[in-house]
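# Got a predicted structure plus its sequence, pasted below:
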Amino acid sequence: PPVRALLAAQDTLRWQGRPLSTVRWLLYGPLVVDAAHRGRGVARRLFTMARTAAAGRADALVAFIEAANRPSWRVHVDGFGMTPLGDVAVGERVYHVVAVAPRAESG
């Protein structure tokens, strides 16, 4: 359901000044890291690999974060620098839609 809501909202969500519906984008996630492996860079490595894999294939890597999930916001927006595009609702649940530009592997 969150993916369907995101797809339905593409005309109102904006990436770099353009409606998301006019941008080549790929969906990133959802991602869950087992508690035993948190804090070890697992999410960052997966995120970096996703950005690299998307380079040349998309203009944006898009994800959604349930509004109640503050730790995910801290990881993806505060930590990884993803940009909030807006919110979508599925019943009583609200999801933040965020995006980041893909990045070619360096080095």
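On my side now, so go ahead. Numbers count the residues shown, from 1 in each chain.

# Give me the distance between Val77 and Val100.
10 Å (CB to CB, to the nearest Å). For the C-beta atoms, the positions are set from N, CA and C on the backbone; glycine is no exception.

# Which residue of these two possesses the greater neighbour count?
Val100 (21 against 17; other CB atoms under 10 Å).

# for the more buried one, what are its contacts?
By CB atoms under 8 Å, 6 or more residues apart in numbering, the contact set of Val100 is Arg51, Ala60, Leu61, Phe80, Gly81, Met82, Thr83.

# Specify the beta-bridge partners of it.
Beta-bridge pairing for Val100 (DSSP bridges): Leu61.

# Check what pLDDT it gets.
We note a pLDDT of 97 for Val100 in this prediction.

# Compute the distance between it and Val90, please.
Going from Val100 to Val90 by CB to CB gives 23 Å.

# shared neighbours, Val77 and Val100?
Thr83.

# Tell me who's in contact with the residue nearest to Leu27 when sequence neighbours are not counted.
In this structure, Leu27 finds its nearest non-sequential neighbour in Val62, 5.7 Å apart by CB to CB, 6 or more residues apart in numbering. Contact analysis of Val62 by CB under 8 Å, 6+ apart lists Leu6, Trp15, Leu20, Trp25, Leu26, Leu27, Tyr28, Leu85, Val97, Val98, Ala99.
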